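> quick one: sequence plus predicted model below, questions after.
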Amino acid sequence: MKNATMKAQMLTALRRIESRQIERPVIQSPTEVLLKIEYVGVCGSDVHYYETGRIGSQVVQYPYQVGHECSARVVEVGPEVSGLQAGQTVVVEPAVACHTCDQCRAGRPHTCRTLKFLGCPGQIPGCLSEYLVMPAECCFPIDGKITPQQGVLCEPFAIGVYAVQQSAVTPQMAVGILGAGPIGLSCLAAAKAEGVQSVYMTEIIPERLATARSAGADWVGSPRIEDVVASLMRQEPHGLDVVYECAGQQETIDQAINLLKPGGKLMLIGIPREETVCFCPDLMRRKEISIINVRRQNHCTQKAIDLVAEKKVDLDYMITHTFTFDQTAEAFDLVAGYHDGVVKALIKVG
């Protein structure tokens, strides 16, 4: 007997998404959960695959299903699942770790030797479909706490929470965030939740500059209309304690090195499209700059949900556009072109 089918949105070529009817997934492990997708967020990494067909060594084989930010409703649970039941709404943690390798045993499941991630080529097909099967441990109940739309935001927000956690900020520090897209704004929200008083942001898109200002940044500036390093250094002559690089650009990496004070930390979060980026070793060495790469959201999904549920952060302003499932291609084109002041576009699947 053939399995039931479902509708999915598939990458079929560069800058092409088509609706396909594919086999609906079924629970194969006693600890898995069958989910009906409610909302999916369009992430910058999804757009990388859409526009270029790859991120580094991860190359799309067409047709392929992307998407990793989602909220969903539980349809069925495996016989060994506890704490979840049909009808609950959940936030999906997109990373599936093995829990047995050296990285997992060291408390680093986000760098698991055999990590599988939603929407990554060769790993797990993405969530741009009507149904999805995931391990129960990846499903975080949100019923009565936050909305399904807010639940989608908790995936990128958890990255900001993890980045701020890794940087060990204190309220007295001055920090910079280069790039005011969803990840940069997530870092802003997480830093403010930790009580950081001085947060400076840069961005080249005018609408996002205004968004960053209204979201609580103490200063915003565009490198397209001013020397942001000089402007910031006039306000913080000694430099910044931490810079979160969220744009994935050589220009912003260079700015970050110049903005940091001696002993400062550069948090690399943005994903460059190029194979390599450059650093100025003379300046980095003289300042003894620490460079810390941020890999996803190690153990921070629940904290992100709690911060939203407890109203310690407000992320609703990030949702600027909502599309139907059949408008998925339009959503990707909008985000890829940074059109209409888009910050986060959601696709309503359910």
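Thanks, I have it.
> show me where the stretch 1-150 of the chain has strands.
Ranges of strands within the stretch 1-150 of the chain are 5-13, 16-23, 32-41, 54-55, 58-59, 69-77, 89-92, 95-96, 116-117, 131-135, 139-141, based on DSSP state E, counting those that start in this stretch.
> and the angle from the longest one to strand 131-135?
This points to strand 32-41. 120 degrees (axes from the mean of the first three to the mean of the last three C-alpha atoms, to 10 degrees).
> got it, and the first one?
Relative orientation of strand 5-13 with respect to strand 131-135: 90 degrees, computed using the same axes, to 10 degrees.
> and strand 5-13, how far out from the chain's middle?
Offset of strand 5-13 from its chain centre (C-alpha atoms, centre = their mean, to the nearest Å): 22 Å.
> picking up where we left off before, adding mean neighbour count and distance to Glu310, write the strands of the stretch 1-150 of the chain out as CSV.
Where you see a C-beta, it was placed from the backbone N, CA and C, and this is true even at glycine. Formatted as CSV, the strands of the stretch 1-150 of the chain follow (neighbours: other C-beta atoms under 10 Å; distance: least, C-beta to C-beta, whole Å):
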stretch, mean neighbour count, distance to Glu310
strand 5-13, 19, 34
strand 16-23, 14, 37
strand 32-41, 24, 21
strand 54-55, 15, 34
strand 58-59, 14, 36
strand 69-77, 23, 18
strand 89-92, 26, 15
strand 95-96, 21, 24
strand 116-117, 18, 28
strand 131-135, 22, 26
strand 139-141, 20, 15
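> can I get those in TSV with distance to Tyr200?
Output for these, formatted as TSV (distance: least, C-beta to C-beta, whole Å):
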stretch	distance to Tyr200
strand 5-13	37
strand 16-23	37
strand 32-41	26
strand 54-55	29
strand 58-59	33
strand 69-77	27
strand 89-92	30
strand 95-96	31
strand 116-117	32
strand 131-135	38
strand 139-141	32
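> so which of those is nearest Pro206?
strand 32-41 (22.8 Å; C-beta to C-beta).
> the closest one: partners in the sheet, and parallel or antiparallel?
strand 69-77 (antiparallel), strand 131-135 (antiparallel), strand 344-348 (antiparallel) (DSSP bridges).
> what sits up against the first one?
The one in question is strand 69-77. 27, 33-43, 84-92, 94, 118, 127, 131-132, 136, 139, 142, 148-149, 151-153, 155-156, 349-350 (C-beta atoms under 8 Å, 6 or more residues apart in numbering).
> same deal with the second one?
Defining contact as C-beta under 8 Å, 6+ apart, one finds that strand 131-135 is touched by 6, 24-29, 31-37, 70, 72, 75, 92, 96, 118.
> one more: stretch 116-124?
Counting by C-beta under 8 Å, 6+ apart, 45-46, 49, 54, 58-61, 64-68, 70, 92, 94-96, 115, 125-128, 132, 296 sit against stretch 116-124.
> and if you look at stretch 20-29?
If you take C-beta under 8 Å, 6+ apart as the criterion, stretch 20-29 is touched by 2-10, 33-34, 63, 76-78, 129-133, 135.
> with stretch 294-301 instead?
By C-beta under 8 Å, 6+ apart, stretch 294-301 touches 91, 93, 95, 107-111, 117, 140, 154-155, 158-159, 161-163, 165-166, 267-269, 304.
> nearest the geometric middle of this protein, what residue?
Closest to where the C-alpha atoms of the chain average out (C-alpha atoms, centre = their mean) is Pro156, at 3.1 Å.
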